[in-house]
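Asks: let me see the structure of the following:
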Amino acid sequence: MRVCREEIISALNAPDFTEYFKKADAMRREAVGDIVHLRAIIEFSNHCFRNCAYCGLNCKNKSLKRYRMEPEEIISCGKEACSAGYKTLVLQSGEDKFYTKEIIGQIVQELTSCGVTVTLSCGERTDDEYAYWRDCGAKRYLLKHETADSNLYADLHPGYTLSERLSCLEAIKKLGYETGSGFMIGLPGECAESIADNIILLDKLDCDMAGIGPFIPHPETEMRNHKAGSVTITQKAVSLIRILRPHMNLPATTALGVRNKEAYTEAFSRGANVLMKKVTPAKYRSLYEIYPTEIKIADIRDERASLCEFIKSLGRIPE
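Replies: All right, here's what the predicted structure looks like:
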């Protein structure tokens, strides 16, 4: 479908969005069915050399206790999640060059040998690294662009540029990964036009996945006093992306659930078809804090069983 900026802006400014929500749900059902894909996330390192203005993992946050999981720990955690029924593992970290091409490649090979699909989310790396991990068996790569405004991107990511980020995304797509990006709702200067530009960029990149969540301020960041992003606008953006790109995988993001649990549930009737669940070991989970959130620890199998019941209660099918 041709993406028209003016039509997106008009929809975002509509006084009543009800029909768009209904259309998004109908298109979700027609394009990808009633299945909700459950993804297990392992946050294997909270080290990061970048100083992103919104992220609690930023390198200047001296109050954060840092950790790195050993490769054997990551593999063991992944196998446990696999045995609990998860079919996709997301290996996520801060930008941490401690994990070399070979280390991550070995982890990917070990986990894919168990029959699970591996998604990587390790930030900006070289084309050679992306190609190596693909050859080791990684199928998907997540790298959010956060904002389509190059000036704002530079302000939020000191020392880095949007063009560098987009070059990585283009390389990932060219290598044959299922490519994921996404953006935050509620960044400085946000308006319908800026949201439309983010949506258009996702389309231009030909993304297969997109995570859209509200900004949540963290006390150890430069944006500690900035207002949190709107859950309603987040829902609108997810619905419009579903309408414009019917086959895209769209999660109800964790950030949306932190801001408003009801809105999180509503997301599944407004275009979302993916649920992400942290399975990071208990001793590390509270230390991976991009934004403040309540941490609940339970057995991986029990957590997945509860998720399945939640999805079934919505009339959907967990997978």
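Asks: pass me the low-pLDDT residue ranges in the protein, would you?
Replies: Counting by pLDDT under 70, the chain has low-confidence residues at 1-2.
Asks: the longest strand seen in it packs against which elements?
Replies: The residue-count maximum for a strand in the chain (DSSP state E) belongs to strand 35-45. When contacts are defined as 3 or more CB pairs under 8 Å, 6 or more residues apart in numbering; DSSP states H and E, strand 35-45 sits against helix 71-83, strand 88-93, strand 274-278, helix 300-313, strand 317-318. Where you see a C-beta, it was placed from the backbone N, CA and C, and this is true even at glycine.
Asks: could I get the contacting residues of the nearest residue to I311 once chain neighbours are set aside?
Replies: Leaving aside its sequence neighbours, I311 sits nearest to P318 (CB to CB, 6 or more residues apart in numbering; 4.1 Å). Residues in contact with P318 (CB atoms under 8 Å, 6 or more residues apart in numbering) are I35, V36, L38, L307, C308, I311, K312.
Asks: same list (the helices and strands packed on strand 35-45) but as a markdown table, adding distance to D208.
Replies: What follows is the helices and strands packed on strand 35-45, written out as a markdown table (distance: least, CB to CB, whole Å):
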| stretch | distance to D208 |
| --- | --- |
| helix 71-83 | 22 |
| strand 88-93 | 13 |
| strand 274-278 | 11 |
| helix 300-313 | 21 |
| strand 317-318 | 20 |
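Asks: three-state assignment of R224?
Replies: Under the three-state scheme (DSSP: H, G, I helix; E, B strand; the rest coil), R224 adopts coil.
Asks: with adjacent residues omitted, what lies nearest to it?
Replies: Going by CB to CB, 6+ apart, R224 has P217 as its nearest residue, at 5.4 Å.
Asks: can you give me the helices for the stretch 1-150 of the chain?
Replies: 5-12, 18-32, 71-83, 101-112, 127-136, 150-156 (DSSP state H, counting those that start in this stretch).
Asks: for the first one, buried residues please.
Replies: Within helix 5-12, the residues scored as buried using 16 or more other CB atoms under 10 Å are I8, I9, A11, L12.
Asks: quick revisit: and the helices and strands packed on strand 35-45: which comes nearest K65?
Replies: Proximity to K65 (CB to CB) singles out strand 88-93 among the helices and strands packed on strand 35-45, at 15.4 Å.
Asks: residues contacting the closest one, please?
Replies: Contacts for strand 88-93 (CB under 8 Å, 6+ apart): 37-48, 74, 78, 81-82, 99, 104, 107-108, 111, 116-123, 140, 142, 276.
Asks: tell me what angle the helix or strand hosting A171 forms with helix 127-136.
Replies: For A171, the host element (DSSP states H and E) is helix 162-174. Between helix 162-174 and helix 127-136, the angle comes out at 30 degrees (axes from the mean of the first three to the mean of the last three CA atoms, to 10 degrees).
Asks: following helix 162-174, which helix or strand comes up?
Replies: Per DSSP H and E, the first helix or strand lying C-terminal to helix 162-174 is strand 178-185.
Asks: check which element follows that following strand along the chain.
Replies: helix 192-204.
Asks: residues making contact with that next one?
Replies: Applying CB under 8 Å, 6+ apart, the contact partners of helix 192-204 are 3, 5, 8-9, 12-13, 145, 147-149, 181-183, 185, 187, 210, 233, 237, 240-241, 244-245, 248.
Asks: rerun at 6 Å
Replies: V3, R5, I8, I9, L12, N13, A148, F183, A210, A237, I241 (CB atoms under 6 Å, 6 or more residues apart in numbering).
Asks: pretty sure the first one is touching L244, no?
Replies: This points to V3. Yes - using CB atoms under 6 Å as the test, V3 is close enough to L244 to be in contact (5.5 Å).
Asks: between these two, which is the more surrounded one?
Replies: L244 (21 against 17; other CB atoms under 10 Å).
Asks: do you know how far that one is from Q109?
Replies: Per CB to CB, to the nearest Å, L244 is found 36 Å from Q109.
Asks: any idea how far the spatially closest residue to R304 that is not a sequence neighbour is from S121?
Replies: Spatial nearest neighbour of R304, chain neighbours left out: A84 (4.9 Å); criterion: CB to CB, 6+ apart. Counting by CB to CB, the gap from A84 to S121 is 20 Å.
Asks: which residues sit in contact with the spatially most central residue of the chain?
Replies: Nearest to the geometric centre of the chain sits G211, at 4.3 Å (CA atoms, centre = their mean). Taking CB under 6 Å, 6+ apart, we find G211 in contact with G182, P251, T253.
Asks: picking up where we left off before, beta partners for the residue nearest to I311?
Replies: Note on P318: beta-bridge partners by DSSP bridges are V36.
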